[in-house]
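Colleague: below is the sequence, then the predicted model.
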Amino acid sequence: MAVFAVTYVYVADPDRLGEVRPEHRAFLRDLLAQGSLLASGPLPPTPDGEPGGALLVVEAQDPTGALTLLDPDPMRRAGLVAERSAREWQPVIGALAS
C-alpha cells in the first residue's frame with residue numbers, strides 16, 4: 001500500500017456544505033477506524049477568493065484506488081466536490097513516515 005494526498009475543491013455553497021459536513025465527517029471517521037484514512041482536514045478559501053476544500057491522506061494501491069475509496073463520500077454524492085485529485089505522497093519525517 002502507498003500513501004496518497006487527495007485534495008478536494010468544494011463548490012461555493014457554504015450552507016449546503018454545512019448541511020452535509022456531519023455526514024461527511026462520520027464517513028471519514030469510518031475510514032479512519034478501518035485504517036484507510038490517515039488524516040484529513042479542511043483547506044480554507046484562498047485570500048484571492050478561490051473556494052475551500054479538503055486534504056485527505058489515505059492508503060491505497062494506486063491513485064485510482066485512493067479516489068475509489070472516497071467515491072461514497074457524502075460531499076461527493078451531494079455534488080459539492082467540484083474537483084479532486086490524488087497524488088502519491090512519501091512522508092519521510094513525522095508521524096506518517098515509515
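Modeller: The structure has been received and is ready for your questions.
Colleague: ranges for the helices of this protein?
Modeller: Here the chain has its helices, by DSSP state H, at 14-34, 63-70, 74-77.
Colleague: packing partners of the longest one?
Modeller: Read it as helix 14-34. strand 37-43, helix 74-77 (3 or more CB pairs under 8 Å, 6 or more residues apart in numbering; DSSP states H and E). The way it works is simple: take the backbone N, C-alpha and C, and place the C-beta from them, glycine included.
Colleague: would you reformat those as JSON lines and include distance to Gln90, mean pLDDT and mean neighbour count?
Modeller: Formatted as JSON lines, the helices and strands packed on helix 14-34 follow (distance: least, CB to CB, whole Å; pLDDT from 0 to 100; neighbours: other CB atoms under 10 Å):
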{"stretch": "strand 37-43", "distance to Gln90": "13", "mean pLDDT": "97", "mean neighbour count": "15"}
{"stretch": "helix 74-77", "distance to Gln90": "26", "mean pLDDT": "98", "mean neighbour count": "18"}
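Colleague: any chance of the ones you listed in JSON lines, with distance to Thr64 too?
Modeller: Below are these laid out as JSON lines (distance: least, CB to CB, whole Å):
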{"stretch": "strand 37-43", "distance to Thr64": "17"}
{"stretch": "helix 74-77", "distance to Thr64": "15"}
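Colleague: hey, what's the residue positioned nearest the centre of the chain bridged with?
Modeller: In the chain, the residue lying closest to the centroid (CA atoms, centre = their mean) is Leu56, at 3.4 Å. When bridges are taken as DSSP bridges, the partners of Leu56 come out as Val6, Ser40.
Colleague: for it, give me the pLDDT.
Modeller: pLDDT recorded at Leu56 is 98.
Colleague: for it, what are its contacts?
Modeller: 5-8, 28, 37, 39-40, 70 (CB atoms under 8 Å, 6 or more residues apart in numbering).
Colleague: let me know the closest of those to Asp48.
Modeller: Taking CB to CB as the measure, Asp48 sits nearest to Thr7 out of these, at 17.3 Å.
Colleague: could you report the neighbour count for that closest one?
Modeller: Using other CB atoms under 10 Å, Thr7 has 14 neighbouring residues.
Colleague: residues touching the residue of the chain most remote from its centre, list them.
Modeller: Distance to the chain centre peaks in the chain at Asp48, reaching 22.1 Å (criterion: CA atoms, centre = their mean). By CB under 8 Å, 6+ apart, Asp48 lies in contact with nothing.
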